[in-house]
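K.L.:
predicted model, plus sequence, below.
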Amino acid sequence: MATANTITPKPIYAPKGCNCPIMAHVTEAERDDLKRIAELEMRTLSATARMLMLRGIAEYDQDTLNAE
């Protein structure tokens with residue numbers, strides 16, 4: 001098979017084990033903020049949203065531990 005006829009695989013950006021997608025509704029302003037951060041971080045919108053969610057979860061857990 002010639003290389004011109006082969007299909008190149010689509011790159012997978014999510015880390016291994018990320019196979020549970022979720023959908024989140026955001027306002028236009030929140031999406032604009034997300035886009036701005038994604039451009040700064042050179043990430044996709046979904047990767048940026050995941051990163052921010054993970055950071056938020058870590059901060060939430062830390063705040064909860066401190067409150068106990």
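P.N.:
Everything's here; your move. Keep in mind the model is a prediction, meaning the values are calculated, not measured.

K.L.:
distance of the most centrally placed residue in the chain relative to residue 10?
P.N.:
Nearest residue to the geometric centre of the chain (CA atoms, centre = their mean): residue 47, 2.1 Å. Applying CB to CB, to the nearest Å, the value for residue 47 to residue 10 is 15 Å. Glycine gets a C-beta too; all of them are placed from N, C-alpha and C.

K.L.:
now residue 17
P.N.:
Residue 17 sits 18 Å away from residue 10 when distances are taken as CB to CB.

K.L.:
ditto for residue 57
P.N.:
As judged by CB to CB, residue 57 and residue 10 stand 28 Å apart.

K.L.:
looking at the two, which has the bigger crowd around it?
P.N.:
Ranked by neighbour count (other CB atoms under 10 Å), residue 57 and residue 10 place residue 57 first, with 10 against 6.

K.L.:
and that one, what element?
P.N.:
Assigning secondary structure by DSSP states H and E places residue 57 in helix 45-67.

K.L.:
mind giving me the packing neighbours of that helix?
P.N.:
Under the contact definition 3 or more CB pairs under 8 Å, 6 or more residues apart in numbering; DSSP states H and E, helix 45-67 sits against helix 28-41.

K.L.:
just the angle between the helix it packs on and helix 45-67, please?
P.N.:
When axes from the mean of the first three to the mean of the last three CA atoms, to 10 degrees is applied, the directions of helix 28-41 and helix 45-67 differ by 100 degrees.

K.L.:
now do the same contact list for residue 35.
P.N.:
residue 45 (CB atoms under 8 Å, 6 or more residues apart in numbering).

K.L.:
show the pLDDT at it.
P.N.:
At residue 35, the model reports a pLDDT of 97.

K.L.:
how much space between it and residue 53?
P.N.:
Separation of residue 35 from residue 53 (CB to CB): 16 Å.

K.L.:
do residue 66 as well
P.N.:
The value you get for residue 66 to residue 53, if CB to CB is used, is 20 Å.
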